[in-house]
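K.L.:
A predicted structure for the sequence below; I have some questions about it.
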Amino acid sequence: MATDPGQDNNVCRICMTEITVAASVKGCNHAFCYHCLHQWTSTRQSPLCPICRTAVTVLVLADGSEQAAQPAAGDQQSEEVDLSCLDHNYFLAEVGRLLSRANLLHNRLYAEAYGCGRKGGSRQTQRGLDSIQDVLGVLSSYRGSLQDEERFDAEVLLQDLYRLDRQLTTAQNGGAHDAAVAAAPAAAGGGSWDERRQHERDYQEDEYWHEDDEDDDHHDEHDWHKGVSRTPGRAPASRHVKRNTRNSNSNSSVQQQQRQQVPRGRGRG
């Protein structure tokens, strides 16, 4: 039974215990305890996957067979999801798990790009590093808010962490991912979460950086991107470096021509 590569396949996200008899949602492949998933779908008129909100119409059992979901009748529904058990400690553990994964992945890609004296990896590797750095920034913000025990919307935060998990999976598989995914809606009702996220975006817009590839000389100024130098040990590039270099070369050429025009027939006095 295929499952999502970013999910911890041993833990049911409904009962938060180890999965014994497994079943998954056809379409998104998220796995749960069969009893939990069956109860989840049978108590809702329009059941959705607890993780990604995909409509649940068919359950895939451990042996690969399929079973049609049996939604509740109108008078039996219980559409509200009870996420009261997902407290600050639970989300701190989830954020910590994602931070560990993101750091390991970032270190691996960085070593591939800059280890053993290499000057940098491909554009794809650099985009992966940037994407992971965005994830690390968001997760660090969430960890600070959770440690301060700020109020949050459990359902929105759960979906946010799922998106970040998928972004790491995309970077790990070598695909480019829009960094805007990391800037998904803040997961708290309080203003402090929103302010922290806005502060991160404002900070990233204060600097310019440029990818350090062999064909940099063929790019014009439109290829400069807003953001900070997200790779450790690399200072943010400045627009004025190439301008000053061109001006310096131009001045040197003019001075050389002036020296050639100086008369050489003057004898000693």
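P.N.:
Ah, there it is.

K.L.:
which residues of the stretch 51-200 of the chain fall in strands?
P.N.:
58-61, 66-68 (DSSP state E, counting those that start in this stretch).

K.L.:
what residues go with each domain of this protein?
P.N.:
The chain breaks down into these domains under automatic domain parsing: 1-82, 88-209.

K.L.:
Now tabulate those domains in CSV and tack on mean pLDDT and mean neighbour count.
P.N.:
(C-beta placed from N, C-alpha, C; glycine too.) Listed next are these as CSV, based on pLDDT from 0 to 100; neighbours: other CB atoms under 10 Å:
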stretch, mean pLDDT, mean neighbour count
domain 1-82, 79, 16
domain 88-209, 75, 17
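
K.L.:
How about Glu112, nearest residue that isn't a chain neighbour?
P.N.:
Gly121 (5.9 Å; CB to CB, 6 or more residues apart in numbering).

K.L.:
again with Asn103
P.N.:
That would be Leu136: by CB to CB, 6+ apart, it lies 7.1 Å from Asn103.

K.L.:
just checking, that neighbour touches Leu105?
P.N.:
No: contact criterion CB atoms under 8 Å: Leu136 and Leu105 do not qualify, at 9.9 Å.

K.L.:
Who are the packing partners of the helix of greatest length in the chain?
P.N.:
Ranked by number of residues, the top helix in the chain under DSSP state H is helix 88-114. When contacts are defined as 3 or more CB pairs under 8 Å, 6 or more residues apart in numbering; DSSP states H and E, helix 88-114 sits against helix 123-147, helix 154-172.

K.L.:
which one of those lies closest to Ala72?
P.N.:
Set against Ala72 and scored by CB to CB, these come closest in helix 154-172, at 19.7 Å.

K.L.:
and that closest one, what other elements does it pack with?
P.N.:
Secondary-structure packing of helix 154-172 (3+ CB pairs under 8 Å, 6+ apart): helix 88-114, helix 123-147.

K.L.:
Now render those helices as JSON lines, adding distance to Trp40.
P.N.:
Shown next, in JSON lines, are the helices and strands packed on helix 154-172 (distance: least, CB to CB, whole Å):
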{"stretch": "helix 88-114", "distance to Trp40": "18"}
{"stretch": "helix 123-147", "distance to Trp40": "26"}
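
K.L.:
Tell me which of the ones you listed sits nearest to Glu66.
P.N.:
Across the helices and strands packed on helix 154-172, Glu66 has its closest neighbour in helix 88-114 (30.2 Å, CB to CB).

K.L.:
picking that back up, nearest to Ala31, out of the helices and strands packed on helix 88-114?
P.N.:
Using CB to CB, the nearest of the helices and strands packed on helix 88-114 to Ala31 is helix 154-172, at 14.0 Å.

K.L.:
Tell me what angle the closest one forms with helix 88-114.
P.N.:
Orientation check (axes from the mean of the first three to the mean of the last three CA atoms, to 10 degrees): helix 154-172 against helix 88-114 gives 20 degrees.

K.L.:
relative orientation of helix 154-172 and helix 123-147 in degrees?
P.N.:
Using the same axes, to 10 degrees: helix 154-172 against helix 123-147 is 150 degrees.
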